[in-house]
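Enquirer: Give me coordinates for this.
(chains A and B)
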Amino acid sequence: MKLSGWGRYPVHNARVETPRDEDAVRALVTGRQSVIARGNGRAYGDSAINQSATLDMRQMNHMHSFDEKTGQLTVEAGVLLGDIISAFLPRGWFPLVTPGTKFVSVGGAIAADVHGKNHHKEGSFRNSVDWIDVMDADGKVTRCSPDKNAVLFDHTLGGMGLTGVILRACLRLRPVETAWIRQTTLPATSLNAAISAMEDAQDATYSVAWIDCQATGDDLGRSLVILGEHAALSELPAADRQTPFATPKKTKRKVPFDFPEFALHPLSLKAFNAAYYKAGLKKEGTALVDWDSYFYPLDAILEWNRIYGRRGFAQFQCVLPLESSETGLSELLRSISAAGTGSFLAVLKRFGEQESAFSFPMEGYTLALDFPMSEKNYKLLETLDQITLTHGGRFYLAKDSRMSADTFARSDDRVPGFQSQRTKQNWTRFSSVQSQRLAL
Amino acid sequence: MTKAPVLILGARSDIGQAIARAFAADGHAIQLAARNSKTLEAERADMELRYNVTVTLHDFDALAIETHDAFVSGLPELPEVAVSVVGYMGEQAENERDPQAAARVLRSNFEGPASILATLANEFETRGYGTLVGVSSVAGDRGRATNYVYGSAKAGFTAFLSGLRNRLAGKGLHVVTVLPGFVATQMTEGMDLPAKLTAQPDEVGEATLNAVRKGRNVIYVRRIWWLIMLIIRNIPEFIFKKLSI
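Expert: The predicted structure follows:
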């Protein structure tokens, strides 16, 4: 069948198998020369596609056990973060680290070592994982953790599925008093101001900036900086304190068809961005927001990727080290607004310190945005790649769909180490269209 | 606060588990009945964790008619709703050649489910309330060459449910007939089914929950199948016998 990532580009024909239990996975892993596991397909590119065998892990989705004292939840890899939230938020628990969509599988979250709006304070997904069961090319299952089989653990988190098949994991959830977030919106009139605001907000649990990537000149990088904290019971209006986990049911709208190309005309993008920024100015200050709207605004629009039309889109996400963040980001934003293209909203986050075998985050600033697939944008993406490299940054593989092996190797000095581990540990059976493209 | 239990007969099936999940999400305790029920421990634990309701496992063999009375009296609590998802398609070619295989299909889809629902109906009637659900199939709406052994058994089961509904209607009990068209399950794995007509098991689960709550009599899943079968049922026999569908 035809497979793609969330960006719907590239599309490949692949043989998809759907194992329901460990034995089925074993038969597939040992029986094939080349496999990759796939979760819920939210990576943007081709990291979960292997033409000879892609293992759709969504049927391995049992929750095994939960410890109410420690918040430890043991689940199979196909369980979605959204399922965990549905089951446990009413009991006062929430994921410690969550990406921008709840429709990711636990296996996918581990393989990409996802991050959220709290990386500067609480790190990436790996900080919520106590152990993982990984199956190797011989069908043997190893339980790994930061203290045991640590090499496997360190490489599997962020390893994009290239170290084996993740079968199950033990996650630690965080206790919360309510399902609400106390959100503070701070408009920032320029990139400079946005970065200052985020630096000043290091103590906030959650922080993110939505950038108007169409603004130019003095307005370059004008943004809405949005901070958040889990609301305590006492912060809710008295009427809501009896039901702290009841939140308004959000109607999910579905994009029913692929939008035509003119929907993303430069003028409409510029207009949308400007309008969003102005609306944000009105929301300046503090407000209580439900968890779904705060963490997963795009999930409310099911299949929003169709707004980009049948040709799909490419996501660009890089991280720049702290010392070159401001100059690097300015240059990136100038290139993007000059091209008159780009996404509706660009997202900026502050990363805290992280040094892992292969995970994406490092201390600095990360910028994410998307572009409709076209010749012109392809070239722009290559320009953005070069700007990133010049400033010592690197790229998020969960978003990548077109980077060259050369660019990738130049962006990350851990690549040779990862490549040699793949051979040494006999992980080469696990490969994807992305890993082939990047010569991993 | 947990609602009264729902019994799923045939809990190993994808549709059975989907129906169980729909009722569990609605707050009902769940009784999962299947052969070798302890091998469903992962499903049981998962359902309990996800929905915060009590889920219990019970050994049940639809074909062992003689055990049905004991099975029902052995339940920890007589359920409020009992759903039979028991079914078995087999291979039409084999069913045509091999009388044993055919008998197995007929017993699995008609005799077995009818027997257990009859036993439960008597108990429900004595108690004074309850809902019975039989998952039959559109294949029972008309026998056709490609699957009539399975189809005829389902046809028998559909008529049984209709009769049972008639008998119990005056007594405040309800019987729901669920008629799925194509559903993407283990039973149909490998079959080339048209995407727009094929439901996911969870759709059958939600539709069943809805039908029980609203007291519907006969439901098709997906709903388009009501129209498709209306047409199929009304094609004159002299034409139908020449079709290959």
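
Enquirer: what about A:Ile132, how many neighbours?
Expert: 27 (other Cβ atoms under 10 Å in any protein chain shown). In short, each C-beta sits where N, CA and C put it, glycine included.

Enquirer: Show me the beta-bridge partners of it.
Expert: Beta-bridge partners of A:Ile132, counted by DSSP bridges, are A:Cys144, A:Ala169.

Enquirer: Contacts only, for it.
Expert: Contacts here follow Cβ atoms under 8 Å, 6 or more residues apart in numbering or on different chains; on that basis A:Ile132 touches A:110, A:143-145, A:153, A:156-157, A:166, A:168-170.

Enquirer: could you check whether stretch A:294-303 is close to chain B?
Expert: No - counting by Cβ under 8 Å from any Cβ of the partner chain, no contacts exist between stretch A:294-303 and chain B, the nearest distance being 15.1 Å.

Enquirer: related to what we said a few turns ago, of the contacts of A:Ile132, which is the nearest to chain B?
Expert: The nearest member of these to chain B, counting by Cβ to the nearest Cβ, is A:Arg168 at 10.7 Å.

Enquirer: Could you find the closest non-adjacent residue to residue 164?
Expert: This is for chain A. A:Val134 (4.2 Å; Cβ to Cβ, 6 or more residues apart in numbering or on different chains).

Enquirer: right idea, wrong chain: chain B
Expert: Per Cβ to Cβ, 6+ apart, closest to B:Leu164 is B:Val175, 5.0 Å.

Enquirer: So the one you found lies in a strand, does it not?
Expert: Yes - under DSSP: H, G, I helix; E, B strand; the rest coil, B:Val175 falls within a strand.

Enquirer: host element of the residue nearest to A:Gly164?
Expert: Assigned by DSSP states H and E, A:Val134 falls within strand A:129-135.

Enquirer: give the contact list for B:Val149.
Expert: Counting by Cβ under 8 Å, 6+ apart, the residues that B:Val149 touches are B:90, B:92, B:95-96, B:102, B:105-106.

Enquirer: And A:Val289, by the same measure?
Expert: Contacts of A:Val289 (Cβ under 8 Å, 6+ apart): A:180-181, A:183, A:228.

Enquirer: Poorly predicted segments of chain B, please.
Expert: For chain B, the stretches with pLDDT under 70 are B:1.

Enquirer: That one against chain A: which residues are in contact?
Expert: Counting by Cβ under 8 Å from any Cβ, chain B sits next to chain A at B:42-43, B:45-46, B:49-52.

Enquirer: buried ones in stretch B:70-90?
Expert: Of the residues in stretch B:70-90, B:71-72, B:75, B:78-90 count as buried by neighbour count, 16 or more other Cβ atoms under 10 Å in any protein chain shown.

Enquirer: right, I mislabeled it, should have said stretch A:366-378
Expert: A:366-373, A:377.

Enquirer: just stretch A:84-104 next, same as before
Expert: Here stretch A:84-104 shows A:84-85, A:87-89, A:92-104 as buried, counting by 16+ other Cβ under 10 Å.

Enquirer: coming back round to it: out of the contacts of A:Val289, who's the most crowded?
Expert: Ranking the contacts of A:Val289 using other Cβ under 10 Å puts A:Trp180 first, with 26 neighbours.

Enquirer: Surely that residue touches A:Thr247?
Expert: Yes - assessed by Cβ atoms under 8 Å, A:Trp180 is found in contact with A:Thr247 at 7.2 Å.

Enquirer: Now list whatever residues contact both of those two.
Expert: A:290-291.

Enquirer: Quick check: closest non-adjacent residue to residue 11.
Expert: No chain in the question, so chain A it is. That would be A:Ser4: by Cβ to Cβ, 6+ apart, it lies 4.4 Å from A:Val11.

Enquirer: other chain: chain B
Expert: Counting by Cβ to Cβ, 6+ apart, B:Leu32 is the residue found nearest to B:Ala11 once chain neighbours are left out, at 3.7 Å.

Enquirer: can you list contacts of the helix or strand hosting that neighbour?
Expert: Using DSSP H and E, B:Leu32 maps to strand B:28-34. Outside strand B:28-34, the residues that touch it by Cβ under 8 Å, 6+ apart are B:2-12, B:16, B:20, B:23-24, B:40, B:43-44, B:47, B:53-60, B:71, B:75-77, B:79-81.

Enquirer: State the number of residues packed around A:Glu199.
Expert: Neighbourhood size, A:Glu199 [other Cβ under 10 Å]: 13.

Enquirer: Same check on B:Lys214?
Expert: B:Lys214, neighbours per other Cβ under 10 Å, totals 9.

Enquirer: Ok, A:Lys278 next?
Expert: Neighbourhood size, A:Lys278 [other Cβ under 10 Å]: 11.

Enquirer: Is the residue nearest to B:Ala11 bridged to anything, and to what?
Expert: Bridge pairing for B:Leu32 (DSSP bridges) gives the partners B:Ile8, B:Leu57.

Enquirer: Check for me that A:Leu320 belongs to a strand.
Expert: Yes - when three-state DSSP is applied, A:Leu320 is found to be in a strand.

Enquirer: pretty sure it is touching A:Gly328, no?
Expert: Yes - counting by Cβ under 8 Å, A:Gly328 is a contact partner of A:Leu320 at 4.2 Å.

Enquirer: Give me the common contacts of these two.
Expert: With contacts taken as Cβ under 8 Å, 6+ apart, A:Leu320 and A:Gly328 have A:388, A:391, A:393 as neighbours in common.
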